[in-house]
Every structure is written in structure tokens, then in C-alpha cells.
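Peer 1: all I have is the shape, not the residue letters:
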């Protein structure tokens with residue numbers, strides 16, 4: 001089978017075409033210039049290019065294009081030199097849209113003829129086509145398709161009927177088949193649309209040529225059918241021979257399998273006799289189960305070795321105590337093993353004693369938390385600096401408060417500073433308020449006297465006895481200042 005090719009064939013007929021005169025023609029809601037109808041393609045004939053078009057080919061092609069004929073997808077132009085791509089469609093190169101294709105068996109043609117109808121579009125190229133047809137210009141219809149050849153029948157190439165892809169029909173000048181050009185006649189039968197009629201001699205020649213072509217096609221059809229029958233018979237004989245050969249091969253295989261089966265039956269009967277001597281099937285089944293159980297333990301030598309080893313271990317373990325006692329000891333050992341090795345346990349006990357000397361775990365945890373909190377504040381040196389700075393700020397604040405109270409109450413500043421350090425500014429101020437001015441003066445004198453005694457030489461006992469007894473408030477202030 002050949003590769004897919006682009007196929008263009010012209011079909012011409014000595015017949016009448018019709019073109020409508022109505023100006024109200026439309027297709028799918030689109031205004032058109034007119035409608036043309038007539039022969040479009042040859043059936044069971046060969047084109048001038050030597051391609052044979054069978055009736056089945058056209059019937060298949062029409063069936064595949066039913067949707068394209070309905071929705072306006074099958075379009076055409078004038079000539080085959082224009083590729084109907086997007087640009088040419090935009091430029092108005094489409095002249096007509098084909099809306100129907102069928103095969104007519106009208107006797108006036110002397111043979112089946114492929115008919116078609118198309119609407120002439122209101123495009124630049126459509127207007128040209130309308131002018132040509134109405135002016136009697138001699139145009140032929142030409143198919144545009146894709147297909148491949150299945151072989152040859154004489155001088156003609158046979159097209160693949162199932163893979164013929166019809167794209168459309170164009171109007172062309174170049175003849176392709178041995179028919180005369182069609183004549184164009186309006187539906188109104190006006191002289192405007194009629195093309196010149198051939199003379200009698202030309203008409204007779206055309207009729208003779210058509211009859212000769214028809215007879216030739218009939219002879220080719222008969223020869224094709226005869227060849228097909230011969231090929232069918234040969235194919236049937238080949239199929240029967242292949243089937244017979246396959247049956248013989250299958251019988252041979254069955255015979256071989258049968259002989260193999262017979263030998264197997266003999267061996268099975270011998271084995272059955274041997275098994276019957278061993279006992280019933282139930283007895284053998286129990287023996288097999290017992291053997292499988294023993295086999296899971298190991299070979300006989302392995303089982304004997306294990307039994308001897310078990311006896312030795314039994315005698316050895318018997319010296320340590322009963323199985324229950326050994327199990328208890330084993331449980332205790334396993335519990336210790338879960339705690340760690342002997343060295344790890346000893347290290348744990350050592351650390352436990354060391355930590356016990358430091359205190360309770362809760363106290364140690366609290367100290368560590370406190371240490372972590374101090375660690376967040378900074379290093380030890382940083383904390384000491386902050387404390388010293390804070391103490392300096394507090395001391396300065398207390399001195400400032402003592403100076404203010406000294407000025408306010410008239411009490412010696414050193415006394416007030418001592419009170420502020422011990423009691424705080426607020427409490428010292430309340431205490432000074434509670435003591436009257438007279439007592440505050442006495443306290444100041446007493447303070448100065450004490451300071452004098454600390455710096456003066458020691459006095460005799462008689463001199464000490466002559467010292468005036470301190471008032472109560474003065475003693476209170478002295479106690480507070482300490």
C-alpha cells in the first residue's frame with residue numbers, strides 16, 4: 001500500500017447545471033449569491049489521471065462528511081493553486097460552500113453519476129464565480145482529497161476505499177476526464193445563463209466516447225470481480241490447508257500428551273501399591289505429621305546432641321537450686337541489668353552519696369534555679385557593680401532625705417542620717433514628728449556631749465557620777481541611732 005498523497009481530479013459531464021435566480025438565498029443564516037446544482041464526480045469510472053473511483057468509495061466519503069456538509073465546513077474556490085488557509089479565507093478566496101452530495105442513477109446519464117449542490121458566497125471570489133457561470137464560461141468541477149493506492153487494475157490506479165479523505169470540490173479549467181464541459185442553465189431558463197451548445201457531430205462523438213468508456217468500465221468491473229473470486233478461492237484453499245496442518249499438529253501434540261499420561265498412570269499405580277504396603281492413608285498421614293514435627297527440631301544427630309547437652313545442663317543447674325529459685329535469681333539479675341552495668345551502678349551510688357551531702361534534691365534544684373536566674377542577670381562582677389551602684393544611689397538618696405529633715409526639724413544632720421539608715425526616710429520622719437522640739441534639742445545636746453566625751457580625757461568616777469541622767473526621749477533616740 002502506498003503512502004498518503006494529495007489527490008486532485010477533474011470530473012466533466014455533458015449535462016445541464018442549474019443556478020438559482022433568487023436574491024433571497026441563504027445558508028445557515030448567511031446571505032449567498034445563488035445556488036448551483038449538477039454533476040460533481042464520476043462513479044465507477046477512472047479520471048483522466050488514471051485513478052479509479054468506485055461507488056463504495058464515494059458512499060463512504062459522503063457518509064464521513066455528513067457533518068461537514070451540514071455545518072458549512074466543506075468549501076471550495078476557483079482553481080487548485082489556492083491553498084484555503086486562514087489568510088486566503090480572510091482575503092475572500094472562498095467562492096462557494098458545498099451543502100449536499102449524492103449518487104444519482106438517472107438513466108439520462110447512462111450510468112451512475114455523483115451529484116452535488118453548492119451555495120455561491122458573497123465574497124470577491126464568489127462574485128467572480130457567479131459571473132463566470134452566468135456568462136457561460138466553460139468550467140469543470142474538480143475534487144480535492146487525500147488518499148492512497150492499493151494497487152493497479154490494468155492502466156488505472158485503485159484507490160483505498162476506506163482511507164479516502166474528501167476535502168472539497170473546486171471549479172477549474174483543466175479537464176481531467178474524457179467528458180465534455182457542462183452547460184449552465186438557470187432555473188428561470190433565461191438565455192443569460194446558457195452556454196453554447198455543441199454541434200451534432202461533437203455531440204455524437206461525446207456520446208460514443210461515453211458509451212465506449214461505460215463498456216470499458218463494465219469489462220474492468222467484470223475482470224475485477226473475476227480476479228476477486230479467484231483470489232477468494234485461492235485464499236480459501238490456503239486457509240483450509242493451514243487449518244488441516246494445524247489440526248494435524250494438534251493431533252500429534254495430543255497423542256504425545258496421551259502417551260505421557262499413560263506412563264504417568266503406570267508410575268502412579270506402582271507408587272500406590274508401594275504405599276498400600278505401608279498402611280492406610282490415615283495412618284500414613286499421622287506418621288507424616290509426626291515426622292514433620294520432629295523435622296522442625298532438627299536432624300536425628302542434632303536432636304541427640306541437644307538431649308545430651310540438656311542432661312549436662314540439668315545436672316549443672318541442679319547444684320544451684322530448684323528451677324523456681326533460679327528463676328527468682330534470674331529476675332533479680334535482669335532487673336539490675338536494666339539499671340546498667342556493675343560499673344555504672346557503682347558510679348551512680350558514688351554520685352548519690354556526694355549529692356546527699358549537699359542537701360535535699362528539692363533544695364539543690366532551688367539553688368540551681370536561683371543560680372540560673374542570677375546567671376541571666378550577668379556575671380558576678382557585673383552583679384556586684386550593679387549592687388554597689390544601687391547602694392550608692394540609695395545612700396545618696398538617704399543623705400539627701402536626712403539633709404532635708406535636718407533643715408526641717410533642726411536636728412543634727414549626723415543623727416538624722418543614722419536614723420534614716422536604720423529606719424528609712426519615711427519612718428525617721430514620722431519619729432521626728434512624734435518627738436517635740438524640746439526633746440529634739442535635748443537629743444542634739446546629748447549627742448554633742450557624747451561626742452565630747454568620746455574625744456575628752458577619761459574622768460574619774462566622781463566626775464562620771466556627776467553626769468546628768470539622760471532624759472527618756474534622748475535615750476530612745478540614742479538607741480535608735482545605734
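Peer 2: Now that the structure is in, tell me what you want to look at. Just so it is clear, the model here is predicted, and its values are computed rather than measured.
Peer 1: tell me the domain ranges of the chain?
Peer 2: 5-197, 200-278, 279-319, 382-481 (automatic domain parsing).
Peer 1: identify the residues contacting the helix or strand encompassing residue 306?
Peer 2: When elements are assigned from DSSP states H and E, residue 306 belongs to helix 300-318. The contact list for helix 300-318 (C-beta atoms under 8 Å, 6 or more residues apart in numbering) reads 294, 297, 298, 323, 326. In short, each C-beta sits where N, CA and C put it, glycine included.
Peer 1: tell me the mean pLDDT for the helix or strand that that helix is followed by?
Peer 2: Toward the C-terminus, helix 300-318 is succeeded by helix 323-339 as the next helix or strand (DSSP H and E). Averaged across helix 323-339, the pLDDT comes to 83.
Peer 1: also stretch 425-445?
Peer 2: 73.
Peer 1: and if you look at stretch 144-153?
Peer 2: Taken as a whole, stretch 144-153 has a mean pLDDT of 90.
Peer 1: buried ones in that stretch?
Peer 2: Residues of stretch 144-153 classed as buried by neighbour count (16 or more other C-beta atoms under 10 Å): 144, 145, 147, 148, 149.
Peer 1: and the fourth one, how far from residue 89?
Peer 2: In other words, residue 148. 28 Å (C-beta to C-beta, to the nearest Å).
Peer 1: same question for residue 309.
Peer 2: Applying C-beta to C-beta, the value for residue 309 to residue 89 is 100 Å.
Peer 1: looking at these two, which is more packed in?
Peer 2: Neighbour comparison, residue 309 and residue 89: the larger count goes to residue 89, with 13 against 10 (by other C-beta atoms under 10 Å).
Peer 1: check which helix or strand the more buried one maps to.
Peer 2: For residue 89, the host element (DSSP H and E) is helix 86-90.
Peer 1: what about residue 251, which helix or strand?
Peer 2: Element membership for residue 251, per DSSP H and E: helix 200-278.
Peer 1: name the helix or strand of this protein that has the lowest mean pLDDT.
Peer 2: strand 183-186 (a mean of 36; mean pLDDT, DSSP states H and E).
Peer 1: residues touching residue 157, list them.
Peer 2: By C-beta under 8 Å, 6+ apart, the contact set of residue 157 is 50, 51, 52, 149, 151.
Peer 1: which SS state does the last one fall under?
Peer 2: Yep, that's residue 151 we're talking about. Assigned with DSSP: H, G, I helix; E, B strand; the rest coil, residue 151 falls in the strand class.
Peer 1: what does stretch 70-89 rub up against?
Peer 2: 8, 27-28, 30, 65, 67-68, 93-99, 118, 125, 128-129, 132, 139, 142, 144, 166-173.
Peer 1: from the residues you listed, which ones fall inside strands?
Peer 2: Among the contacts of stretch 70-89, the members found in strands (DSSP state E) are 8, 27, 30, 96-99, 118, 142, 144, 166-172.
Peer 1: which of these are buried?
Peer 2: With burial judged by 16+ other C-beta under 10 Å, the buried subset of those is 8, 96-99, 118, 142, 144, 166-172.
Peer 1: what is the neighbour count of residue 274?
Peer 2: By the criterion of other C-beta under 10 Å, residue 274 has 9 neighbours.
Peer 1: ok, now residue 126?
Peer 2: Residue 126 sits with 23 neighbouring residues when counted by other C-beta under 10 Å.
Peer 1: thought it was touching residue 118?
Peer 2: No: proximity of residue 126 to residue 118 does not meet the contact threshold set by C-beta atoms under 8 Å, at 10.3 Å.
Peer 1: redo the contacts of residue 157 as TSV? Include distance to residue 376.
Peer 2: Shown next, in TSV, are these (distance: C-beta to C-beta, whole Å):
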residue	distance to residue 376
50	105
51	101
52	104
149	96
151	100
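Peer 1: tell me the one of these nearest residue 416?
Peer 2: Closest approach between those and residue 416, by C-beta to C-beta: residue 149, at 131.8 Å.
Peer 1: so that closest one touches residue 163, yeah?
Peer 2: No: judged on C-beta under 8 Å, residue 149 makes no contact with residue 163 at a distance of 10.3 Å.
Peer 1: what's the helix or strand for residue 422?
Peer 2: helix 413-423.
Peer 1: for that helix, what is the distance to the chain centroid?
Peer 2: Relative to the centre of its chain, helix 413-423 is centred 86 Å away, using C-alpha atoms, centre = their mean, to the nearest Å.
Peer 1: low-confidence ranges in this protein?
Peer 2: Scanning the chain for pLDDT under 70 picks out the ranges 1-2, 12-17, 21-26, 107-109, 174-228, 230-231, 233-234, 436-482.
Peer 1: SS state for residue 32?
Peer 2: Classified using three-state DSSP, residue 32 is strand.
Peer 1: quick one: contacts for the residue nearest to it when sequence neighbours are not counted?
Peer 2: Leaving aside its chain neighbours, residue 32 sits nearest to residue 119 (4.2 Å; criterion: C-beta to C-beta, 6 or more residues apart in numbering). Counting by C-beta under 8 Å, 6+ apart, residue 119 makes contact with 25, 27, 32, 34, 35, 36, 96, 97, 99.
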